[in-house]
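1. Sequence and predicted model, in that order:
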Amino acid sequence: MSDYMPSAASRVEPRWRIACCFLLTLVAIQLALGPVLRLSQWDLRAAHNSPVAEGESWLQGRLDIPHPGRDVRHDRMHDAAYFQGKVYNVYPPLLTVLHAVLAPLHGALQVGHTEFWHPWTHLLLVYWPLPVLGFFVFRRECGDSAWAGLLTLVWLGGTALLPALTLSQRGYQGPTYHVLSQTGLLLLAADLLGRQRIWPGLIGLLIAAWSRQMTFLYALPLLWVAYQRRRLPLALAGLALVAAPLLVLNWLKFGNPLDFGYQYIYVERETDIMGSRVAAHGVFSLHFFVENFRHMHWQPPALDLQWTSIGVGRDRGFGVSIWITTPLLLLLVPSFRAWWRDPRRRALMLGTLPIMLGLLCYHTPGYLQSGYNRFALDFIPIWLLVLAPHVRGGWRTWFTLLSGAWSLLYFQSVASRL
C-alpha cells in the first residue's frame, strides 16, 4: 500500500470542506463527550488546587501556600510538600503564572475575588486549544479534514485525555496539568514535523515542561532538528529560558535548583501507600520498572460487557494497558518501516523513549487512575501524530474505525463514573 502524502493532499482540499469538517468535528465532540465534559460547569479555585493557591500566594509576596489547621499531615493538600515548616506547591509553574497574570481580570469579573477562575477563562485556556489545534495539526499530517476530525475525536475521547478533562473541569491539579501539556506537545510536534522554525517548538516545549517537568526531555529531538537546520544557538537560548524559571523556583523553595520537592509530599505521610514506596526506594528507581511497565503496557481492565454498554469496574487505580484502551496505537507496528524512514518522525518517536523510561522508573504507576493510564499522555499525542498518515487505506480504515469506536465507548464508561 502506498503511503499518503499529507502536504499534497492538503493543497487540493477545498476550503469549504475544511471548514465544514472542522465544524462537524466540534459538533461530534460535543455530542459524544458533552455529557461527561459539561462545558458550562468548569471550576478552578485556590482552595482545591495547589498551583492556583501558589498563584494567590505570589500576589501576596509569598512562595509557600496556606494550609488550614495545625495537622500538616491531614490538612495540607494531597500533593503539597512540607519543607522546613512550610507547605509548598511542587507542580510546575504554568498554572501559577497564568493565575497571577489573570488576577486583575478575575478580580474585575468577580467583584474583587481572584481566588477562583471564571469558567470561561478556564475553558478558553485549558480546553478549547485542544480541539482547534488538534484538528489542524492532524489534518496537516493525514492530509484529509474528515480523517483529521476523526483522529481529533479519538484523541479527545478515546484516550486518557477524556478522564483528565473530566477531572480538570473540577479543578484537579494533576489532570489539569496533563490537559495543558497536550497543547504544548502538539505545538512542539507540529513544528518538528513541519517547517522546523524552532521557536514554535520552544513555545510548545515551555507549555509542556511548565505543565509536566519530564517532558523537558523533548529538548533532545528539538536540539537535533535545530542542529540539522543550523539554528542551534536559538534552540539553546530558548531552552535556557524554559529551564531557568523551574530551577530558580526549586532553589527558592527547596534550596537546590535540581530539587523539585516531590519527596517532601510524603513528609508525615511515610506510612501511606506511596509514601512507603518513596521511603524505601526514592522518587525514581529501577525497582518500579517492571510494575510500571505492566500497568502501562499489559494490565487488562476489569470489564462488565453488556449488549448495549461497556462497564469498567474498579481496580487498584494503578493504570491499564494503553494498547487495550486505545488499540489504534497498534498501527504503529505495521507502519513502522514507513515512519522510521522519515527522519522527522523517527526523531520524535525516539524522543519519546526517555520520557517512557522516566515514567517507568517513577514511584507511582499512576495512582488513582482506575481503568486508564494518565501518565501515557506524555507521549500518546506524539504517537498519534506520527501515526496519522497511516490510519487509512484497505484494512487500516476498518481497524481505525473499529478501534476508535471501542476507545470512545470504553473511555465514556471510565469518565462517567469519575
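-> Yep, that arrived.

2. Residues touching the host helix or strand of residue 87, excluding its own?
-> Residue 87 belongs to strand 86-88 when assigned by DSSP states H and E. Contacts to strand 86-88, defined as Cβ atoms under 8 Å, 6 or more residues apart in numbering, come from residues 54, 63-67, 72, 76-77, 80-82, 253-254, 261, 264. Yep, even glycine has a C-beta here, placed from its N, CA and C like the rest.

3. quick one: which of these is nearest residue 163?
-> Residue 163 lies nearest to residue 77 out of the contacts of strand 86-88, by Cβ to Cβ, at 20.3 Å.

4. quick one on the thing from earlier: got a winner among the contacts of strand 86-88 for most neighbours?
-> Within the contacts of strand 86-88, residue 54 tops the neighbour count with 29 neighbours, counted by other Cβ atoms under 10 Å.

5. What are the phi and psi values at that one?
-> Residue 54 has phi and psi values of phi -70, psi -40 when expressed as degrees, to the nearest 10.

6. Against residue 97, how distant is it?
-> Residue 54 is 10 Å from residue 97, where distance means Cβ to Cβ, to the nearest Å.

7. And residue 107, by the same measure?
-> Counting by Cβ to Cβ - residue 107 and residue 97 are separated by 17 Å.

8. Next: residue 245.
-> 8 Å.

9. Residue 120 now?
-> When residue 120 is compared with residue 97 (using Cβ to Cβ), they lie 19 Å apart.

10. what's in contact with stretch 57-67?
-> So stretch 57-67 is contacted by 50, 53-54, 56, 75-77, 80, 86-89, 96, 99-100, 103, 114, 249, 252-253 (Cβ under 8 Å, 6+ apart).

11. Mind checking which of these are in helices?
-> Among those, the members found in helices (DSSP state H) are 50, 53, 54, 56, 75, 96, 99, 100, 103, 249, 252, 253.

12. What is the neighbour count of the fourth one?
-> Which is residue 56. 21.

13. Look at the nearest residue in space to it that is not next to it in sequence and report its pLDDT.
-> Residue nearest to residue 56 in three dimensions, not counting chain neighbours: residue 46, with 4.8 Å by Cβ to Cβ, 6 or more residues apart in numbering. pLDDT recorded at residue 46 is 86.

14. related to what we said a few turns ago, and the strand holding residue 87, how far from the chain's centre?
-> 26 Å (Cα atoms, centre = their mean, to the nearest Å).

15. quick one: pLDDT of the residue nearest in space to the middle of the chain?
-> With distances taken as Cα atoms, centre = their mean, residue 178 lies nearest the centre of the chain, 3.1 Å away. The per-residue pLDDT reported for residue 178 equals 96.

16. Surely it is in a helix?
-> Yes: under DSSP: H, G, I helix; E, B strand; the rest coil, residue 178 falls within a helix.

17. what's near enough to touch it?
-> 160, 161, 164, 168, 211, 212, 374, 377, 378.

18. Can you name the two of those that sit furthest apart?
-> Farthest apart among those by Cβ to Cβ are 168 and 378. That separation is 15.8 Å.

19. still on that earlier bit, between residue 245 and residue 97, which contacts overlap?
-> Common contacts of residue 245 and residue 97 (Cβ under 8 Å, 6+ apart): residue 210.

20. I'd like to know which elements the helix or strand containing residue 136 is packed against.
-> Taking DSSP H and E as the criterion, residue 136 maps to helix 129-142. On a contact count with 3 or more Cβ pairs under 8 Å, 6 or more residues apart in numbering; DSSP states H and E, helix 129-142 meets helix 6-12, helix 15-37, helix 145-157, helix 173-193, helix 380-387.

21. which stretches of the stretch 301-418 of the chain form strands?
-> Taking DSSP state E, counting those that start in this stretch as the test, the strands found in the stretch 301-418 of the chain are 303-305, 310-312.

22. Lowest average confidence across those, which one?
-> Across these, the lowest-scoring stretch is strand 310-312, with a mean of 62.

23. the helices in the stretch 151-300 of the chain, which residues?
-> Per DSSP state H, counting those that start in this stretch, the stretch 151-300 of the chain carries helices over the ranges 161-168, 173-193, 199-209, 219-228, 232-254, 273-281, 289-297.
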